[in-house]
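A.B. asks: curious how this folds, go ahead:
(one chain, ligands or ions: 2)
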Amino acid sequence: MPAAVACSVKCRPHHRLSAPQPPAALDLLPRAPASAAGELRATRCRTPPSLSFARASDQGEARSPPSARRARAAVAGFEEVGAASSAAAAALLAGAQSRHAIFREELVRKAYYAAEAAHRGQMRASGDPYLQHCVETAALLAELGAGPPVIAAGLLHDTVDDAGLDYGSISEQFGAGVADLVKGVSNLSHLSKLARRNDTASRTDEADRLRTVFLAMEDARAVLIKLADRLHNMRTLDSLPKIKQQCFAKETLEIFAPLANQLGILNWKEQLENLCFKHLYPEQYEELSSNLHEFYNRDMIAAAIRRLEQALQVRGLSYRSISGRHKSIYSIYSKMTRKKLDMDEIYDVHGVRVILENKADCFTTLEVVHHLWPRIPGKFKDYVSSPKSNGYQSLHTVVLSEETLPLEIQIRTADMHLQAEFGIAAHWRSPFASWTWFFPKGNMHFPF
Ligand SMILES: Nc1nc2c(ncn2[C@@H]2O[C@H](COP(=O)(O)OP(=O)(O)OP(=O)(O)O)[C@@H](O)[C@H]2O)c(=O)[nH]1
Ligand SMILES: Nc1ncnc2c1ncn2[C@@H]1O[C@H](COP(=O)(O)OP(=O)(O)OP(=O)(O)O)[C@@H](O)[C@H]1O
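C.D. replies: Ligands and ions are numbered 1, 2, ... in the order given. A predicted model of the protein is given here:
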């Protein structure tokens, strides 16, 4: 346990964590030389040839005839299979329906029973029925507000690779839209497996290229299903041998977390990063998370937002939004490593952001903020009067909250915010435009 020390900016003591050194042993796999064209090459890594999760069969038709036959039967006749499904499967569906009403939709129920028949008898490394993974993948998509075809494809996402279904039979039963998505996820899984064997994630340029290929190759919804699949696999990684845990975590950190970021699903990005951190750097993770457990203060952020809202109203200032967040454990770790800081030198663990109509209101808001809370000297930055070289504009200040914790407050206009989030693409890209077809209920949580 680290020693408790007094912090320079807070009045109560907390544990000091030294700046972590990046572990040397991350290079788990032998590196294959990059080919001239940078293409993915199927060289072998030190791990066993199959890097997939425990499945009854991973080798296709010849090794999985019973499940393949059942799966074909399922697609051929949903009613029959539905009637034959076990009480456990019915209970699993009922559980999913109680969490997300979309599991009551006919297409989704039909996909559920097809997946149930296809994966019957298959178990995860954890000992859970394989079907549970399909349901949890689909549930993650339901949380994002995806529609029935995406949820159905989420349920069926492993039936081509692991249960012997083919494109034609899925298309016949569920339509070409669902079949295309399942095929798309399968293509991405093959590419990801190749990349893992080639240790692509270790080389930044190849990891970048792979993400570009992922996004260019398939419908973005297939990428989203693959991300949901990976998030659930990362959540259940404990059951795998250590070497596989690290292989998956490394690939996820370099490829899938940035992909989630590129698609704007920041919550998944943070979950993926935190899980990778836990598996790749377990000691640092434990130390940091036990410190943060005491340190994170969600109530403080909510109280600060309320106080600021009231003060802006009193001042007659209208604002677009006020949001708050606490910095994720991995983001804190990265910042400490990158800048060689101790934990008590990270001032943006708790943050609030105000988005206003115009520049003048930003400066008035800054006055209001400094009137509400004492400022921490040396932490004010005016990137509005002096934008950063990349065009970033915002006012930043760090104040001492009532709880005597540092609170970073960022103040900017909506235009500045768009620029901050999308860089040069801000001028031609509307963050909503490309997603409305996928999130019909409009419940995608964009930053504003
Ligand atoms: N999108 C975007 N955000 C930025 C940029 N620069 C700063 N930020 C945001 O502003 C926060 C604080 O940045 P700064 O005030 O420059 O301080 P810092 O680099 O975090 O360093 P400290 O002063 O040690 O906190 C960052 O954590 C980001 O959230 C930028 O160029 N682009
Ligand atoms: N003060 C703040 N208030 C609200 N949201 C914030 C604040 N600071 C950052 N965010 C947002 O929270 C998310 C996670 O931010 P995080 O601090 O992990 O990364 P970052 O902004 O790149 O910081 P750093 O480079 O300092 O690590 C991002 O979407 C970021 O825009």
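
A.B. asks: can we go C-alpha only for contacts and neighbour counts from here?
C.D. replies: OK.

A.B. asks: name the helix or strand for the residue in the stretch 151-300 of the chain positioned nearest to ligand 1, please.
C.D. replies: Residue nearest to ligand 1 within the stretch 151-300 of the chain: Asn261 (12.4 Å; C-alpha to the nearest ligand atom). Applying DSSP states H and E as the criterion places Asn261 in helix 257-262.

A.B. asks: so which residues of this protein form strands?
C.D. replies: Per DSSP state E, the chain carries strands over the ranges 4-5, 14-15, 319-326, 350-356, 381-382, 395-400, 406-413.

A.B. asks: surely the residue of the stretch 151-300 of the chain closest to ligand 1 and Glu273 touch.
C.D. replies: No: taking contacts as C-alpha atoms under 8 Å, Asn261 lies outside contact range of Glu273: 10.6 Å.

A.B. asks: which one of those two has more residues nearby?
C.D. replies: For Asn261 versus Glu273, neighbours defined as other C-alpha atoms under 10 Å are more numerous around Glu273 (24 against 14).

A.B. asks: quick one: residues contacting the more buried one.
C.D. replies: With contact set as C-alpha atoms under 8 Å, 6 or more residues apart in numbering, Glu273 has these partners: Thr252, Leu253, Ala257, Tyr330.

A.B. asks: can you give me the buried ones in the helix holding Asn261?
C.D. replies: Ala257, Pro258, Leu259, Ala260 (16 or more other C-alpha atoms under 10 Å).

A.B. asks: so what's the residue of the stretch 151-300 of the chain closest to ligand 1 closest to, chain neighbours aside?
C.D. replies: Lys269 (5.7 Å; C-alpha to C-alpha, 6 or more residues apart in numbering).

A.B. asks: what count of nearby residues applies to that neighbour?
C.D. replies: 22.

A.B. asks: mind listing what the residue positioned nearest the centre of the chain touches?
C.D. replies: For the chain, the residue nearest the mean C-alpha position is Trp268 (1.9 Å; C-alpha atoms, centre = their mean). For Trp268, the contacting residues are Leu231, Ala257, Ala260, by C-alpha under 8 Å, 6+ apart.

A.B. asks: tell me who's in contact with the second one.
C.D. replies: The one in question is Ala257. So Ala257 contacts Trp268, Lys269, Glu270, Leu272, Glu273 (C-alpha under 8 Å, 6+ apart).

A.B. asks: pLDDT value on the first one, please?
C.D. replies: Same thing as Trp268. Trp268 is assigned a pLDDT of 94 by the prediction.

A.B. asks: quick one: the helices in the stretch 301-448 of the chain?
C.D. replies: Using DSSP state H, counting those that start in this stretch, the helices of the stretch 301-448 of the chain run over 329-339, 359-372, 414-422.

A.B. asks: then the stretch 151-300 of the chain?
C.D. replies: Using DSSP H, counting those that start in this stretch, helices in the stretch 151-300 of the chain cover 159-162, 167-174, 176-197, 204-217, 220-235, 242-251, 257-262, 266-280, 282-295, 298-314.

A.B. asks: hmm, who's touching stretch 372-390?
C.D. replies: 9, 308, 392-402, 406, 423.

A.B. asks: just those now: which is nearest Ala90?
C.D. replies: Gly423 (48.1 Å; C-alpha to C-alpha).

A.B. asks: report the contact partners of the closest one.
C.D. replies: Counting by C-alpha under 8 Å, 6+ apart, Gly423 has contacts Asn390, Gly391, Tyr392.

A.B. asks: same question for Leu356.
C.D. replies: Contacts of Leu356 (C-alpha under 8 Å, 6+ apart): Ser318, Tyr319, Arg320, Ser321, Cys362, Ile411, Arg412, Thr413, Ala414.

A.B. asks: of the residues you listed, buried ones?
C.D. replies: So, by 16+ other C-alpha under 10 Å, the buried ones in the contacts of Leu356 are Tyr319, Cys362, Ile411, Arg412, Thr413, Ala414.

A.B. asks: distance to Pro374 and pLDDT for the residues you listed - can I get that in JSON lines?
C.D. replies: Shown next, in JSON lines, are the buried ones among the contacts of Leu356 (distance: C-alpha to C-alpha, whole Å; pLDDT from 0 to 100):
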{"residue": "Tyr319", "distance to Pro374": "22", "pLDDT": "95"}
{"residue": "Cys362", "distance to Pro374": "18", "pLDDT": "98"}
{"residue": "Ile411", "distance to Pro374": "17", "pLDDT": "98"}
{"residue": "Arg412", "distance to Pro374": "20", "pLDDT": "98"}
{"residue": "Thr413", "distance to Pro374": "24", "pLDDT": "97"}
{"residue": "Ala414", "distance to Pro374": "26", "pLDDT": "95"}
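
A.B. asks: please list which of those residues also come close to ligand 2.
C.D. replies: For ligand 2, no contacts are drawn from the buried ones among the contacts of Leu356 by C-alpha under 6 Å from any ligand atom.

A.B. asks: out of these, who's nearest ligand 1?
C.D. replies: Ile411 (10.0 Å).

A.B. asks: that closest one and Phe277: what is the separation?
C.D. replies: In this view, Ile411 and Phe277 are 31 Å apart by C-alpha to C-alpha, to the nearest Å.

A.B. asks: list the contacts for Arg211?
C.D. replies: So Arg211 contacts Ile255, Phe256, Leu259 (C-alpha under 8 Å, 6+ apart).
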